[in-house]
Every structure is written in C-alpha cells, then in structure tokens.
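Enquirer: got a sequence here, can you model it:
(2 chains)
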Protein chains: 2
Amino acid sequence: MNLLLLEDADFIAADRVRLEGRRLRHLHEVHRAEEGDSLRVGRLGGQMGQGRLLSLEAACAELEVSFDQPPPAKLPLTLLLALPRPKMLRRVFQTVAAMGVPRLVLLNSYRVEKSFWQTPFLEPAAIREQLILGLEQARDTVLPDVVIEKRFKPFVEDRLPQLAAGTLGLVGHPGNHPPCPRAVNEPITLAIGPEGGWIPYEVEKLQEAGLQPVQLGERILRVETAVTALLARLF
Amino acid sequence: MNLLLLEDADFIAADRVRLEGRRLRHLHEVHRAEEGDSLRVGRLGGQMGQGRLLSLEAACAELEVSFDQPPPAKLPLTLLLALPRPKMLRRVFQTVAAMGVPRLVLLNSYRVEKSFWQTPFLEPAAIREQLILGLEQARDTVLPDVVIEKRFKPFVEDRLPQLAAGTLGLVGHPGNHPPCPRAVNEPITLAIGPEGGWIPYEVEKLQEAGLQPVQLGERILRVETAVTALLARLF
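Expert: Residues are numbered from 1 along each chain as shown, chains lettered A, B, ... in the order given. Presented below is the predicted three-dimensional model:
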C-alpha cells in the first residue's frame, strides 16, 4: 500500500478521515505508523495529497488530509482479455489497475473453461477490491472500467469494430507474426488470449474487427506476465 | 505446463520415459491426454522434441520420446534482486525462469525483512521446483543459476564490479532518473530493489559498482511486475 486510498464514507469533515478495518491494520502492522506521521493519500476518483495521523488506536485512526496533485495519466488503451482462471484473474485485476489500464474487457473464448464464469471473483465487489489493491500499489486513484462480455461473437462483430476505430488494433498471439511494436505513440486496442491461445477462428474474427496479430517471441508466458510484458513494450 | 520436462531419472531407455506424480496428474487432469497423443517434451538441461503416449494409467504413464530442437536462447542478463517476501519469491522464480533469465542473484538490502531469509522457499529443492514450473510454462529446458548473497556490501564491493564489467549496468529505481532504455543490444546487469526501494546508500554503492539508476514512470510496481516490465522493455 503505497497510497492510502480514501473513499467518501471515510470523510468525517472536508479535511478529516476516520479509518477502520484493512487500512487501519495495514497502518499498524506494515507501516508501523505513529501519531504525527505523514502519509501519501488519494481520494478515490480524485486527487492525491498528504495525510497527517492525528490519532492511531487499535480500533480506529484519524487523519487530517489535503489534496493537491492529479493522479498519474492512464495508458491510451483498451485491453481485451480472454477470461483467465479465477486465481490468475484476481492478480490480473491488480496488475491492470497498477499498470494504468483505463478499460478492461473480459471476453469469452473457446479455450476459456465454462466454470471460470461462475467464480465469485467476478462479482462487482470482488473486482473492485482487487482493483483498489492495484491502485494502492501504483499510487493511482481512478478505477479502471471493467466490462464483461460472455459471448465472443456478438462482441467482436458488433461492438469491437467501433471500440477499435481510430486505434492501433493488436492481438497478442504466439506464432509466425510480426513482433509486437515498441513505444507506440497512439491509442491501442490490445487483445490477449487464454492459456492455450485463441483458436484460429477467433484470430480471424479479431482481424476482421481491425486487430492484427503480433508476437513476443518463442516463450509462452502466463496471462499476467504477458499483460505486463506487452504493455511495457507498447508504451 | 506447455512442455513436459523430463529428468534423467524418468528415462527407462534412451527413447522411453516413465512418469508418476505431478506430471502424470497434469496429463490426466489438465491435458486430458489419451494413449497415442503426441506431446511437446524437453530434457532438463538439453534439447526439446516430441513424446508419444504409449500408455496412460492411473499410477504411471510411458512415452516414447525424441529430441531435435535446442531450447530458446536466454537473455544476455544478470538480474540482481533484493530478496522479495516469500509469497512473491515463489512467483518471481517462475517468472525469471519463464522470461529466460540465465542468472539471478538474490541480495540483501536494508528494506528486506530479516525473517524473509528464513523462508523454506529458499531451500534448493524449493527453488528448483518453482524454476521448473517457469520452464514448463515458457518451453525452456535450462535452469537459471540462482545465487544467494545475504550480505549487501561485500557482494556489491567485491564481486559485482567483475560481474557487471563489459555489460550495461542498470538499477531500476523510482525517482528523477533517465527512463529505462529500450531494445538494448548488449549484455545487461540489472538490479531491482525491495518493496519500498533501495536506500540512498545502496543506490550509491550500486553506482560505484557501475550500475546507473533508471526509472519506469510514476507508478510503483510490485517486484514481480517490475521484473517483467523492465525485461520486456530492455530486450
């Protein structure tokens, strides 16, 4: 937690917050904070600034806060991801939020096991929890939008062409394709497949929607690693 | 497991192996393999090739194997990493092996909690287990070397200058430094700090050993994510 992320419900006055629960525990156990300490704070969806610990007790903490800096810029990116397996999914939410992805579309694919769609980690509160961990890690205040598309074909045929219009459209896909470009200076729409990759039909449909296959070399990376590697290379 | 990685003890003849345990379960449960199926195989430390499932039973499987391809090239890199917390450490071993890092030095730092050095995940068998998972993921056969350096100063003063000689030496460190270079065409020695970063004294010592600080932007990334992002950008 490199940023203490505050929500509206934490405020007891315009410049004062009261904390309990997870963030309070973190102050005690990880920060080992003391009264008078100064901490980086951010207002969810808003600015970042400083907080001063007025009191720190077992059951609650109070801080005086002020905000004067904008959060870091997001990447000019829409990321489409074949739904990862649940355990991976949680970390992917954190990574996506930490890396500054503003919009994530979770998509079905032939190689996504049907059971993955049943995971409680797809419930809005569970998604939000992981995104917030990513924002706290990276020092950002703005939640990414997460869109869930359980049907591949209608999304790719009907909505993707519009989403991808005016952007560089790419599909990360192992194989005999051009290497993923570097340091691109335009908005990007990037699709990353499931473990085992997209099937040829899906690559074809993504191409029809304006996304060109690119590769990252011979090594097959886990989804979370592939997301980070592709974004680090593209931006 | 994108590669079935075979060890000497698996061989019952020059072209035949017998599997039990984890890899057998994986064949049953994840691959849902059947007799006659063809699978990618690799010989630990050696070549890659094809295996054909001669028999697949509850207790054991036999494959006929042949080897004809070299494993993918490693990165021209020595990676120094302040020892991450144990949970992160296991994934870092996988990531390092999957990304093709040939040599990893785990280093002490002021901000590494002393207890981290006690983790059972640092035992040779535990390290090897995670490295093998990374090789199986990425389709590689060659284990990275892992060196453990519990004392920062003697390592950085006495051994690092030689290790880094003739390479581009870099320290990943947030702050007002040049951005991390891209697509470098020479060998690299890269040092990545602990959560909370290197302390100024450590950055100074690393600089004296020939490593220059570079940054990846405002966002603070988890160690595992920073490793992937820096390598994807550098190579």
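Enquirer: which parts of the one helix or strand in chain A whose mean pLDDT sits lowest are buried?
Expert: Every helix and strand of chain A was ranked by mean pLDDT, DSSP states H and E. The lowest is helix A:21-26, at a mean of 94. For helix A:21-26, burial by neighbour count (16 or more other C-beta atoms under 10 Å in any protein chain shown) applies to A:23-24. (Each C-beta comes from the backbone N, C-alpha and C, glycine too.)
Enquirer: show me what the helix or strand following that helix is packed up against.
Expert: Counting by DSSP states H and E, the next helix or strand C-terminal to helix A:21-26 is strand A:38-43. Secondary-structure packing of strand A:38-43 (3 or more C-beta pairs under 8 Å, 6 or more residues apart in numbering or on different chains; DSSP states H and E): strand A:4-6, strand A:48-56, strand A:61-69.
Enquirer: pLDDT score assigned to the residue lying closest to residue A:61 once chain neighbours are set aside?
Expert: The shortest distance from residue A:61 to any non-neighbouring residue, by C-beta to C-beta, 6 or more residues apart in numbering or on different chains, is to residue A:19 (4.7 Å). Turning to residue A:19, the model gives it a pLDDT of 96.
Enquirer: tell me the helix or strand right after the host helix or strand of residue A:190.
Expert: Using DSSP H and E, residue A:190 sits in strand A:188-192. Sequence order places helix A:200-208 as the next helix or strand after strand A:188-192, per DSSP H and E.
Enquirer: gap between that following helix and the chain center?
Expert: 25 Å (C-alpha atoms, centre = their mean, to the nearest Å).
Enquirer: outside of it, which residues touch it?
Expert: A:109-110, A:152-153, A:156-157, A:160, A:169, A:171, A:173, A:191, A:193, A:198, A:213 (C-beta atoms under 8 Å, 6 or more residues apart in numbering or on different chains).
Enquirer: and the furthest pair within those?
Expert: Farthest pair in these (C-beta to C-beta) is A:110 and A:169. Separation: 20.4 Å.
Enquirer: before we move on, the earlier item: next, see if the least confident helix or strand of chain A gets close to chain B.
Expert: No: Helix A:21-26 is not in contact with chain B by C-beta under 8 Å from any C-beta of the partner chain; minimum separation 12.8 Å.
Enquirer: quick one: contacts of that helix?
Expert: A:1, A:4-5, A:59-61.
Enquirer: now do stretch A:27-37
Expert: By C-beta under 8 Å, 6+ apart, stretch A:27-37 touches A:1, A:4, A:19, A:39, A:52-56, A:58, A:61.
Enquirer: just the element for residue A:109, please.
Expert: Using DSSP H and E, residue A:109 falls outside every helix and strand.
Enquirer: that one reaches residue A:192, doesn't it?
Expert: No: Residue A:109 lies out of contact with residue A:192 (C-beta atoms under 8 Å); the separation is 10.2 Å.
Enquirer: how about residue A:80, nearest residue that isn't a chain neighbour?
Expert: residue A:191 (4.1 Å).
Enquirer: for that neighbour, what are its contacts?
Expert: A:80-81, A:107, A:170-172, A:198, A:206, A:211.
Enquirer: if we can go back for a sec, overlap of the contact sets of residue A:109 and residue A:192?
Expert: With C-beta under 8 Å, 6+ apart, residue A:109 and residue A:192 have common neighbours residue A:82.
Enquirer: which one of those two has more residues nearby?
Expert: Applying other C-beta atoms under 10 Å in any protein chain shown to residue A:109 and residue A:192 shows that residue A:192 carries more neighbours, namely 23 against 19.
Enquirer: can you list the residues of chain A near chain B?
Expert: So far as C-beta under 8 Å from any C-beta goes, chain A lies against chain B at A:2, A:72, A:94-95, A:98-100, A:137-140, A:182-183, A:216-222, A:225, A:228-233.
Enquirer: can you count the residues close to residue A:120?
Expert: Neighbour number of residue A:120 under other C-beta under 10 Å is 8.
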